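>>> model this:
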Amino acid sequence: MSKKRSMLPKAAQTVIHVIAAVLLNLGIVFSAVYILFHILDQYNPHQFIDSNLPWLPIAIPVLLILSVLLYDLLFVDRAFHNRPFNKNRLLLIILCDLILFCALTMTLYLRTCTNSFVESNTIEEFQLPTPVITPSPSFAQETPAPSSPDVPEESLAPGETPAVEPDDTSSPDPASQASVSPDASPAAGTDVPMESKFPEKFSDPPTEHSYDKSNVVETLADGTEKALIYTYSGRNAAVDIYHYQKGKLEYQLADIYVRNLDCFKTEYSASFKNNVKTQKYASRVNAIVATNGDNFNSGKISDGIVIRNGAQLYPEGGAKQTRFSRDLCVLYHDGTMGVYDCVLDRISYDEILAKYPVQAFYFGPKLLNDDGTAKQKFNSTLSKTNPRTALGYYEPGHYALIVVLGTREMVGYNGRSLGNGKSPGMTLSELSELCEQLGFAAAYNLDGGGSSSMVWDKTVFGHNDRTHSDILAVVDP
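A predicted model of the protein is given here:
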């Protein structure tokens, strides 16, 4: 009887064999990783695989089935007939599989260990946590100042409020607020109520205008062209947006005036699955202008504080946080902004809480020294040239948002690609120097790169090529 010959040439057999082996090995590795993560799920509260690798349970059987079918083809075609068993080759394959398995598992596990924030609700259904940080009546905008029975209101000067005797039941003790570090209140003049400042900036009814950025208003001493491209003036908020260009470098600045911190609002998603782009968040809060925030659910937070709209999201349940490995930025109810260096400054959770924080960002780094000069060293490894987003602070009621273009794809409001940006972006040192030139008292770096974007009037400036967890928006309530 003649021996049955293989129908496939040896080269085809070799290719099929290699593909089948790769598919089988990947299926085995993915299966092991999937099982391991479910075993360690008690240490993985964010459920990294379920949230970020939903395809993994589907990929495992597909890989195994394809590899089995390819091996069946080789067996039917007698590709393994009379081939000697090579023990050394088998041991080498097993060793490679173990190395691949360990590398993949450790990479995923180390990344997942930093995921401390737990939430799975969709952004549409997500309800803001009950605020655990409540401002005292002395700071509350909606609480009217009580009138003194001894002084008629008609005799008061415009903007003057009657004197009120101290109330022992009010919270908290002024001495506790005086203990806050000077960096938490870098600007002078905080004795003037924020809502009484800059009356010329606001209007009722609101007005807004857009301008062609080619209409350059002025050329600065260093050759930078500065153009006003959008203005908004409302009852409680006023925004001027400027476009700056020097050579190929482009950035935009939103010059912001507000009557109270209710005009600064954050919109966010607490789940990786429901991150969206800046313009979608902005439309939900009817933002005048908005930028990306600190991407707090990016899986990189293991300590620090995250506060959104007066509610503490991390640590959960209002738990006290004593460890800070990143620089922290806090917007307080009285309009001051504190930026804390996690190495040089002593960050006290109790002192922060005593000043009634409304927003707290945990990304960084801090961009300016306490005297407003540019920093030379930063608590960050992301110092190279990149698209940038930053929050600047002049004084209570006066702030700025900056977005710097970099060499990445730009995406418009409608999602269409606008091509790659030609602007080189900025290093942290360059961004720090810019903040000093602009005269900020304090400044803080937010998430950048592909998230870096500014939205106003259905216009996107920046890259906007990836979804992220949160925005910082200016609204006119």
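>>> what's the neighbour count on residue 450?
Applying other CB atoms under 10 Å, we find 20 residues neighbouring residue 450. Bear in mind the C-beta positions are built from the backbone N, C-alpha and C, glycine included.
>>> thought it was touching residue 466?
Yes: the criterion here is CB atoms under 8 Å, and residue 450 meets it with residue 466 at 4.2 Å.
>>> low pLDDT regions in this structure?
Within the chain, the stretches with pLDDT under 70 are 1-6, 37-54, 75-192, 298-301.
>>> Now do the domain split for it, please.
What automatic domain parsing lists as the domains of the chain is 10-112, 153-474.
>>> out of these, deepest packed?
Among the domains of the chain, domain 153-474 has the highest mean neighbour count (mean count of other CB atoms under 10 Å), at a mean of 19.
>>> got the end-to-end distance for stretch 216-231?
By CA to CA, to the nearest Å, the extent of stretch 216-231 from end to end equals 15 Å.
>>> Now do that stretch: everything it contacts.
207-215, 238-246, 252, 456-457, 459 (CB atoms under 8 Å, 6 or more residues apart in numbering).
>>> out of all of them, which helix in this structure is the longest?
helix 10-39 (DSSP state H).
>>> just checking, what packs against that one?
Secondary-structure packing of helix 10-39 (3 or more CB pairs under 8 Å, 6 or more residues apart in numbering; DSSP states H and E): helix 48-52, helix 56-76, helix 87-112.
>>> which ones are touching the closest residue to residue 378 other than its chain neighbours?
Distances taken as CB to CB, 6 or more residues apart in numbering place residue 365 nearest to residue 378, at 4.3 Å, with adjacent residues excluded. Listed by CB under 8 Å, 6+ apart, the contact set of residue 365 reads 326-327, 341, 375, 378-380, 428, 444-445.
>>> export the residues you listed to a markdown table and tack on secondary structure and distance to residue 279?
Listed next are the contacts of residue 365 as a markdown table, based on DSSP: H, G, I helix; E, B strand; the rest coil; distance: CB to CB, whole Å:
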| residue | secondary structure | distance to residue 279 |
| --- | --- | --- |
| 326 | coil | 27 |
| 327 | coil | 28 |
| 341 | coil | 33 |
| 375 | coil | 32 |
| 378 | coil | 30 |
| 379 | coil | 31 |
| 380 | coil | 27 |
| 428 | helix | 27 |
| 444 | strand | 23 |
| 445 | strand | 22 |
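>>> picking up where we left off before, now, the contacts of stretch 216-231 that are in strands?
Among the contacts of stretch 216-231, the members found in strands (DSSP state E) are 207-210, 238-246, 252, 456, 459.
>>> which residues of this structure fall in helices?
So, for the chain - with DSSP H - the helices run 10-39, 48-52, 56-76, 87-112, 174-178, 278-285, 349-354, 428-437.
>>> Surely residue 376 is in contact with residue 428?
No: using CB under 8 Å, residue 376 is not in contact with residue 428; the gap is 10.0 Å.
>>> Distance check, the residue lying closest to residue 477 once chain neighbours are set aside against residue 475.
The shortest distance from residue 477 to any non-neighbouring residue, by CB to CB, 6+ apart, is to residue 262 (5.2 Å). Separation of residue 262 from residue 475 (CB to CB, to the nearest Å): 8 Å.
>>> and the contacts of residue 365, which two are the farthest apart?
The most widely separated members of those, counting by CB to CB, are 326 and 375 (14.8 Å).
>>> dump the residue contacts of residue 241.
By CB under 8 Å, 6+ apart, residue 241 lies in contact with 228-231, 252-255, 289, 454, 456.
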